[in-house]
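Student: what's the 3D shape of this:
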Amino acid sequence: MDRYDFHGKHVLLTGATGGLGSALAMELARLGADLVITSRSMKALQDLVSKLPDAIRVHPVLANLSIAGQADMLAQAALDGMQHIDAVFNNAAVGYFALMEEATEENIRYLFELNTFSPLALVKALLPHMKARGSGRIVNIVSAAGRVPIPTVSVYGGSKSALATMANTMRVELEPAGIDIINVYPGTVDDSFEENALHEGDRSGLCPTDHCGEPKRSIARQVIEAAQGPPGEVWLDRRGKWYSVAALLWPSYVDRRLKKLRDRVLVTASVKPRRWRLVQVESAVACNLKCVMCPWKAFRETACNHGIMPQEVWERIRPHLPEIKSVDFTGGGEPLLQPNLLEWVTEAENAGCETGILTNGLLLNRELAPRLIDGGLDWLCVSIDAANKEDYEKIRIGSNFDKVCENLAAVGELRRDGKPKTMINFVMMRSNFHQVEDMVHLAARLGVDQINFRQCEVIRGEHGKGFGLFATEETKEIRRMQAELAKARSLAKKLNIETTAFPFTPRERPVCEQDPRDEVFVRFDGNVAPCINLAIGGPTTFLGKEILFPTEHYGLVQERDLLDLWENERCKFYRDRFWKRVRVYEQTFMAGLTGDSRRTPERLHEEAVKRMPEAPEGCKTCHYLYDI
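Tutor: Model (predicted):
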């Protein structure tokens, strides 16, 4: 296809006096196009006309496209002024920075009228004239925000996504009539977009600096270059394209990547970012049960202080609470055995930390539960590995199924405004896997918010060995289990119960959920480690192979300050290694997705994994890193 020549063409450009709009007007004029330019300000139109070359025809039209009917008026004014229109640039738009819960109906309607309905109405009004001439070109300035769930940009993204989707369909429908439609995704432009956007309260835009994005003249030239090419979609920003593709193929990854942005916009700018995303405090390794798959039995038998974290360890953590976003008081034992737990939870909550515990639930009686709730506990997870008394008590030896269910149901009755969030951990094994759907029904009866379907992935010696359902390769049995688990999760969705689950076959990740880049584990005796697995090493089984899992400690908080331990060489090594792995993985994946390669996401994943630096010892033989 020959490149489209704008010389001598009659081009209608909306939003011509904005930053990108004025740059587009200049570029079109440079190519010799005659212009119909629009704005809601006559002064701004006059200023722009004075800067355009005298050799071209310019027809300024005052129009407010946020008002229904103005697009039809503009189309008629353009035809009256130029007799026909060869091309349209739908550039007029406004941003809106607001959480969805803050967005007002008035502003949502305003945005969709300007960003979606008016461009479509303008095109539809001009279509009969273009079809009669057998040619036409429509260029829509759209946004990756319509494909990626960016916090505070949802309404703007939705309005642009709607325009892009309908324009893509029109492109297919209008091809036989000789009318080309091009959607251009310019990325971030250094112009007045954020300054002119709507804001709820003090919601800032995504670019708080004075200059952000590519210069508008540079973007305008690239837009015109795209507008001269074949119909379709053109992405000027590789990162935006990558995130848009990943949002379809890999939504959980994109959600994780956007969490930091979400957290940033959920707090005021004056709040200092916290150093640690999570500090896991093993309040007790002691336990009141003897579960068949517990990996910590042997360690627990020789633990000092009866396996209970001393107050002295907590006192060394407490000064750092203002730098910690979340505190999980769980480790390898039962946190409700910690006599100071209620006091610690309250102190962490008062310091602005999110708090939670994973418990077997037997001690969570009607006396303790209200006190924990009053203390501000944010989430509470109970381990329940079967949906009936007989099977449960064979797994959780020493427990009482009816009592645990009663305790968990009571939490649901006592909590206020949905806090704490309640969850069930269901460790899947051959003896209980047939109950995955029954567990969903049980959760519904108990009023639970979420079920975590977990693998039995931690093994020490013979403890926990042989219970895992995962394997190195997908088998017929694994495919059956995957189908049954998918069915159970679908049922949970219908019952408004959230679920999480892990794969049955290994897939190496750049970093696991126990992310040592912004997380530490404080063992019950004060030893600080990257995670609970590395806090207690020993003989283990990794994907069928017998190995010795290492122990990694940064030091004792009783001897060195937590921040000093965070800055020591071993801790820095873990942080740096995983930052490098994540960076290489993302760069490789992005280059493949945004390039001309036809490689599948699976192939790109394999390539990215090969290019990453090797994981640290222990991590490379840990099931967590392989997402199982």
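Student: What are the contacting residues of stretch 578-586?
Tutor: Judged by C-beta atoms under 8 Å, 6 or more residues apart in numbering, the contacts made with stretch 578-586 from elsewhere in the structure are P510, V511, D515, P516, R517, A608, V609, R611, M612, P613, A615. In this view, the C-beta of every residue, glycine as well, is placed from N, C-alpha and C.
Student: For that stretch, buried residues please.
Tutor: Buried residues in stretch 578-586, defined by neighbour count with 16 or more other C-beta atoms under 10 Å: F578, R581, V582, V584, Y585, E586.
Student: Closest one to G19 out of those residues, please.
Tutor: Proximity of these to G19, judged by C-beta to C-beta, is greatest for E586, which lies at 30.0 Å.
Student: Spit out the contact partners of P339.
Tutor: Contacts for P339 were tallied using C-beta under 8 Å, 6+ apart; they are I308.
Student: does it sit in a helix, a strand or a coil?
Tutor: Of the three states, P339 takes coil under DSSP: H, G, I helix; E, B strand; the rest coil.
Student: mind listing the helices for the stretch 351-500 of the chain?
Tutor: Assignment of helices within the stretch 351-500 of the chain using DSSP state H, counting those that start in this stretch yields the ranges 368-374, 389-395, 401-414, 436-446, 476-494.
Student: Switch the contacts of stretch 578-586 over to TSV; also include neighbour count.
Tutor: TSV is the format used below for the contacts of stretch 578-586 (neighbours: other C-beta atoms under 10 Å):
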residue	neighbour count
P510	22
V511	20
D515	18
P516	22
R517	15
A608	21
V609	16
R611	13
M612	20
P613	14
A615	21
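Student: min pLDDT across the residues you listed, which one?
Tutor: Lowest pLDDT of the contacts of stretch 578-586: A608, 88.
Student: Hmm, F589 and that one touching each other?
Tutor: Yes. If you go by C-beta atoms under 8 Å, A608 and F589 touch, sitting 5.1 Å apart.
Student: Once you drop chain neighbours, what's closest to I547?
Tutor: What sits nearest to I547 in space, not counting adjacent residues and going by C-beta to C-beta, 6 or more residues apart in numbering, is T621, at 5.6 Å.
Student: That neighbour - how many residues pack around it?
Tutor: 19 (other C-beta atoms under 10 Å).
Student: residue contacts, it?
Tutor: Under the criterion of C-beta under 8 Å, 6+ apart, the contact partners of T621 comprise T540, F542, I547, F549.
Student: rewinding a little: quick one: which of the buried residues of stretch 578-586 is nearest E484?
Tutor: Y585 (31.4 Å).
Student: can I assume that closest one sits in a strand?
Tutor: No. Counting by three-state DSSP, Y585 falls outside a strand, being helix.
Student: if I look at it, how far off is G618?
Tutor: Y585 sits 20 Å away from G618 when distances are taken as C-beta to C-beta, to the nearest Å.
Student: among the helices of the stretch 351-500 of the chain, which is the most enclosed?
Tutor: helix 436-446 (a mean of 20; mean count of other C-beta atoms under 10 Å).
Student: other SSEs contacting that one?
Tutor: Using 3 or more C-beta pairs under 8 Å, 6 or more residues apart in numbering; DSSP states H and E as the contact test, the elements touching helix 436-446 are helix 401-414, strand 421-428, strand 450-455, helix 476-494.
Student: so which of the ones you listed comes closest to W276?
Tutor: Between W276 and these, the shortest gap by C-beta to C-beta is with strand 421-428, which sits at 20.9 Å.
Student: That closest one: partners in the sheet, and parallel or antiparallel?
Tutor: Each strand that pairs with strand 421-428, with its direction, by DSSP bridges: strand 379-383 (parallel), strand 450-455 (parallel).
Student: Can you give me the pLDDT of E393?
Tutor: Per-residue confidence for E393 comes out at a pLDDT of 97.
Student: Oh, that last question was meant for M1, not what I typed.
Tutor: According to the model's per-residue confidence, M1 sits at a pLDDT of 62.
Student: Name all residues that make contact with L565.
Tutor: Contacts for L565 were tallied using C-beta under 8 Å, 6+ apart; they are V520, V528, Y554, G555, V557, C571.
Student: out of those residues, what pair is the most spread apart?
Tutor: Comparing every pair within those by C-beta to C-beta identifies V557 and C571 as the most remote, at 12.8 Å.
Student: These two - which one has more neighbours?
Tutor: Under the neighbour definition other C-beta under 10 Å, V557 and C571 were set side by side, and V557 has more, 24 against 20.
Student: who's in contact with the more buried one?
Tutor: V313, R316, I317, V522, G526, V528, L565.
Student: quick one: least confident helix or strand in the protein?
Tutor: Across the helices and strands of the chain, mean confidence by mean pLDDT, DSSP states H and E is lowest for helix 193-196: a mean of 67.
Student: which helices and strands does the host helix or strand of F521 pack with?
Tutor: Assigning secondary structure by DSSP states H and E places F521 in strand 519-522. Using 3+ C-beta pairs under 8 Å, 6+ apart as the contact definition, the elements that strand 519-522 packs against are strand 276-281, strand 527-529, helix 532-535, helix 562-566.
Student: Please tell me how far the shortest one is from the chain's geometric centre.
Tutor: Going by C-alpha atoms, centre = their mean, to the nearest Å, the spacing between the C-alpha centre of strand 527-529 and its chain's C-alpha centre is 29 Å.
Student: Parallel or antiparallel, list what pairs with that strand.
Tutor: Strands flanking strand 527-529 in the sheet, each with its direction: strand 519-522 (antiparallel), strand 555-556 (antiparallel) (DSSP bridges).
Student: just the ones you listed: most buried one?
Tutor: Mean neighbours per residue, mean count of other C-beta under 10 Å, is largest over these for strand 519-522, with a mean of 24.
Student: ok so, going back, quick one, which of the helices and strands packed on strand 519-522 is nearest to N425?
Tutor: When those are ranked by proximity to N425, the top entry is helix 532-535, at 14.3 Å, counting by C-beta to C-beta.
Student: Report the rounded mean pLDDT for the closest one.
Tutor: Summarised as a single mean, pLDDT over helix 532-535 is 96.
Student: Of the strands paired with strand 421-428, which stretch is the most buried?
Tutor: strand 379-383 (a mean of 22).
Student: mind listing what R415 touches?
Tutor: With C-beta under 8 Å, 6+ apart, R415 has these contacts: I373, T422.
Student: any idea how far it is from V382?
Tutor: Separation of R415 from V382 (C-beta to C-beta): 13 Å.
Student: do the same with E323
Tutor: Shown here: E323 relative to V382, a distance of 30 Å by C-beta to C-beta.
Student: Please apply the same query to M293.
Tutor: When C-beta to C-beta is applied, the distance between M293 and V382 equals 16 Å.
Student: swap in R274?
Tutor: Noted for R274: a distance of 28 Å to V382, by C-beta to C-beta.
Student: Excluding residues flanking it in the chain, which one is nearest L174?
Tutor: I181 (6.7 Å).
Student: my read: the one you found touches I138, true?
Tutor: Yes. I181 sits in contact with I138 when judged by C-beta under 8 Å, with a separation of 4.7 Å.
Student: what do the two both touch?
Tutor: The overlap between the contact sets of I181 and I138 (C-beta under 8 Å, 6+ apart) consists of A167, M170.
Student: thinking L562 is in contact with H320, fair?
Tutor: Yes. Counting by C-beta under 8 Å, L562 does reach H320; the two are 5.2 Å apart.
Student: of the two, who's got more company?
Tutor: Each of L562 and H320 had its neighbours counted (other C-beta under 10 Å), and the higher figure belongs to L562 (23 against 18).
Student: so who does the more buried one touch?
Tutor: Contact analysis of L562 by C-beta under 8 Å, 6+ apart lists R316, I317, H320, V520, V522, V528.
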